[in-house]
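Trainee: Sequence and computational prediction follow.
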Amino acid sequence: MLFVNIWSIGRNSKYWENPLDFNPHRFLEGETLKSSLDIKGQSFQLLPFGTGRRGCPGINLAMRELPVVVAALIQCFEWNVNNGKEALNTNERAGLTAPRAVDFICVPSLREDSPQII
Ligand code: HEM
């Protein structure tokens, strides 16, 4: 069996500029996903859905539904992030799945002008 250390690849400055910075814009070119990166498994520095014959068969569904779900969560709720204190602490602690060192707590409350879609 072959295990690929994606955690390590994601922190390698050979592949990523300032790899430890939380910077979602690194994946955008203008407003679209960077065309040079293939998230379907050909760009081995970024394998969110795995690759090859056992790669994720739900990729197309996920890529369509994720923006809708995230947009609805933003549109319908106000988010109290970490009680207004530290915004995001990306430090990790040791564990099987690289859990966060500090819990990231987001409490949603329904927006008054929320559309009646939920
Ligand atoms: C953001 C959403 C998702 C992510 C990041 C994701 C990621 C992954 C990853 C990394 C694997 C392992 C691939 C490998 O071993 O190379 C996998 C497998 C799998 N995923 Fe997903 N997935 C997502 C959504 C979905 C959805 C929506 C479905 C089904 C509707 C799905 C069904 C599966 C199945 C059945 C497997 C096992 C494939 C196999 O072992 O042959 N996934 N997924």
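Mentor: Sure thing, it's come through.
Trainee: Run the chain-centre distance for the helix or strand bottoming out on mean pLDDT in the chain.
Mentor: The least trusted helix or strand in the chain, going by mean pLDDT, DSSP states H and E, turns out to be strand 32-33, with a mean of 72. Centroid separation between strand 32-33 and its chain, computed with C-alpha atoms, centre = their mean, to the nearest Å, is 14 Å.
Trainee: so what strands line up beside that strand?
Mentor: Looking at strand 32-33 with DSSP bridges, its partner strands are strand 28-29 (antiparallel).
Trainee: what's next to the least confident helix or strand of the chain, contact-wise?
Mentor: Contacts of strand 32-33 from elsewhere in the structure, counted by C-beta atoms under 8 Å, 6 or more residues apart in numbering, are Phe27, Ile39. C-betas here are computed from N, CA, C, even on glycine.
Trainee: And the pLDDT at the closest residue to Glu17 other than its chain neighbours?
Mentor: Counting by C-beta to C-beta, 6 or more residues apart in numbering, Arg26 is the residue found nearest to Glu17 once chain neighbours are left out, at 7.0 Å. On pLDDT, Arg26 comes in at 87.
Trainee: Secondary structure class of Arg26, three-state.
Mentor: helix (DSSP: H, G, I helix; E, B strand; the rest coil).
Trainee: what's around Trp71, how many residues?
Mentor: Actually, residue 71 is Ala. It isn't Trp. 10 (other C-beta atoms under 10 Å).
Trainee: For Lys34, see how far away the most centrally placed residue in the chain is.
Mentor: Centroid check for the chain by C-alpha atoms, centre = their mean gives Pro24 as the closest residue, at 8.2 Å. According to C-beta to C-beta, to the nearest Å, Pro24 and Lys34 sit 11 Å apart.
Trainee: domains for this protein, by residue range?
Mentor: The record's domain parsing of the chain by automatic domain parsing lists 1-57, 61-118.
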